[in-house]
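1. what's the 3D shape of this:
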Amino acid sequence: MPALGTTTPVTGAPCWVSLVTPDPRAARSFYAQVMGWEFLDSSLGTDFSVAVADGEPVAGMGYCHGRGLPARWTPYFAVADADETADRIRERGATLAVGPARLGGGRAALAADRDGAAFGFWEGPALAWTVGRGSAPARLDLMTRHAFEAAIFYAEVFDWAKPGSGGCTVDYAQDHVVIQVAGHTVATLRGGGMESAPDPRMRPRWVVDFRVADSRAAAAAADAADGESTPALPPLGCSKDAYIIRDPGGALFTVSGPGAE
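-> Predicted coordinates for the structure are as follows:
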């Protein structure tokens, strides 16, 4: 398989998604069966691999360090200066959990917004990966308490809609906020999340959605591989044939058919 190339990501835009899990071997088997992914070793150590589809990078997968930590999918956003981004997060009352720390050829950090939705940010070159096209995630959806308040927070942290930046644009719709790069939707912010909801699917969080050729078949494959699938009802799901999938480690993601918005 050819080596994976790198690119300079658009500042403020999603540039990667990664799964941390207590059992990477079992996770690789699950995602190979459900998504058809293959896996390559990475330069980040034996605990981390890169999922590829048709030779293109799709996602990262690593070991979940720390006892009792749940498996989870996390989106990363490209930034020009990780230290400045970390300062902006703290200044706005959100949580900086890890970093910024040197990782491979760049610097990474993990944070949570004011409603508790976890995300990461990355300073440096990224794998040649795009949202909304190819086999990379179809989109990211933020399930949050109040979409417009969240949009203000992330716009200030990541310079969304900054004039002349050539980065992300923000479109405020009736009940949600759409983030685009060069006309392609890269994220949607939706209200309705509840911090105290007993169901983790309804708590504020970033939802990673993968576009697949047949979402019903992917859901059935997940059920057969010791995962669990349910139809994605509003506000989750970016198409009528979307499914929420829980992998064997407990990490949640969604799959959508070719007709996803």
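
2. so where do the strands sit in the stretch 101-250 of the chain?
-> Using DSSP state E, counting those that start in this stretch, the strands of the stretch 101-250 of the chain run over 106-112, 118-123, 126-127, 139-143, 169-172, 176-181, 184-190, 205-211, 228-231, 243-246.

3. can you give the strand pairings for the third one, parallel or anti for each?
-> Neighbouring strands of strand 126-127 in its sheet, by DSSP bridges, are strand 6-7 (antiparallel).

4. now the fourth one
-> Here the strand partners of strand 139-143, with direction, are listed using DSSP bridges: strand 184-190 (parallel), strand 205-211 (antiparallel).

5. that one - what's its average pLDDT?
-> The average of the pLDDT scores along strand 139-143 is 89.

6. quick one, it and strand 118-123 angle?
-> Here strand 139-143 points in a direction 130 degrees away from that of strand 118-123 (axes from the mean of the first three to the mean of the last three CA atoms, to 10 degrees).

7. contact partners for the most centrally placed residue in the chain?
-> For the chain, the residue nearest the mean C-alpha position is residue 75 (2.9 Å; CA atoms, centre = their mean). Counting by CB atoms under 8 Å, 6 or more residues apart in numbering, residue 75 makes contact with 14, 16-17, 119-120, 140, 206, 208. C-beta coordinates here come from the backbone N, C-alpha and C atoms, glycine included.

8. same check on residue 48?
-> By CB under 8 Å, 6+ apart, the contact set of residue 48 is 42, 60-63.

9. can you give me the helices for this structure?
-> 24-35, 82-91, 147-158, 215-224 (DSSP state H).

10. what would the ones you listed look like in a markdown table with mean neighbour count, mean pLDDT and distance to residue 253?
-> Below are the helices of the chain laid out as a markdown table (neighbours: other CB atoms under 10 Å; pLDDT from 0 to 100; distance: least, CB to CB, whole Å):
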| stretch | mean neighbour count | mean pLDDT | distance to residue 253 |
| --- | --- | --- | --- |
| helix 24-35 | 19 | 95 | 10 |
| helix 82-91 | 17 | 97 | 24 |
| helix 147-158 | 19 | 95 | 20 |
| helix 215-224 | 18 | 96 | 10 |
